[in-house]
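Undergrad: need a structure here:
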Amino acid sequence: MDVPPSTRENIYEAWLFDDATGYYHSLGMLSPSTFGPTPQGRLSITTNMVNPYLYDKIVITEESQNNLAPSPSTIIAGGSDIPEPFGK
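TA: Numbering: from 1, shown residues only. All right, here's what the predicted structure looks like:
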């Protein structure tokens, strides 16, 4: 994904998304180094999940740093389908 640097007031957050239910699961904020020059075009997130196979998309949103809402903003910075065998 080609994602521009976020502004000082905003950050990026990664989400898993389930098409069937419309449910978003936050993977957390992305550090600025995630979109640095190396490795270009790569996004790496490490987490332990009980059932990651529920989700079929990953979405990156731009969020206000002060945002405490448990749902994503409408500013979509990027995203992708998750190919099988991980996604549905």
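Undergrad: for the residue nearest the centre of the chain, which non-adjacent residue is spatially closest?
TA: With distances taken as C-alpha atoms, centre = their mean, A14 lies nearest the centre of the chain, 1.8 Å away. What sits nearest to A14 in space, not counting adjacent residues and going by C-beta to C-beta, 6 or more residues apart in numbering, is L27, at 4.0 Å. All C-beta atoms are positioned from the backbone trio N, CA, C, and that covers glycine.
Undergrad: other SSEs contacting the helix or strand hosting the one you found?
TA: Here L27, judged by DSSP states H and E, is contained in strand 23-30. On a contact count with 3 or more C-beta pairs under 8 Å, 6 or more residues apart in numbering; DSSP states H and E, strand 23-30 meets strand 10-18, strand 57-64.
Undergrad: list of residues touching it?
TA: Identification of contacts with strand 23-30 by C-beta atoms under 8 Å, 6 or more residues apart in numbering yields 11-18, 43, 45, 47, 54-55, 58-60, 63, 70-72.
Undergrad: next, the nearest residue to D19 once chain neighbours are set aside: phi, psi?
TA: Spatial nearest neighbour of D19, chain neighbours left out: D56 (5.4 Å); criterion: C-beta to C-beta, 6+ apart. Backbone torsions of D56, given as degrees, to the nearest 10, read phi -130, psi 0.
Undergrad: any idea how far Q65 is from D56?
TA: 29 Å (C-beta to C-beta, to the nearest Å).
Undergrad: please identify which of those two sits among more neighbours.
TA: Between D56 and Q65, counting by other C-beta atoms under 10 Å, D56 is the more crowded of the two (17 against 11).
Undergrad: looks like the more buried one contacts E84 (just checking).
TA: No. Look at D56 against E84 with C-beta atoms under 8 Å: they stay out of range, at 9.1 Å.
Undergrad: list the contacts of I11.
TA: So I11 contacts 29-30, 62-65 (C-beta under 8 Å, 6+ apart).
Undergrad: much appreciated, bye for now.
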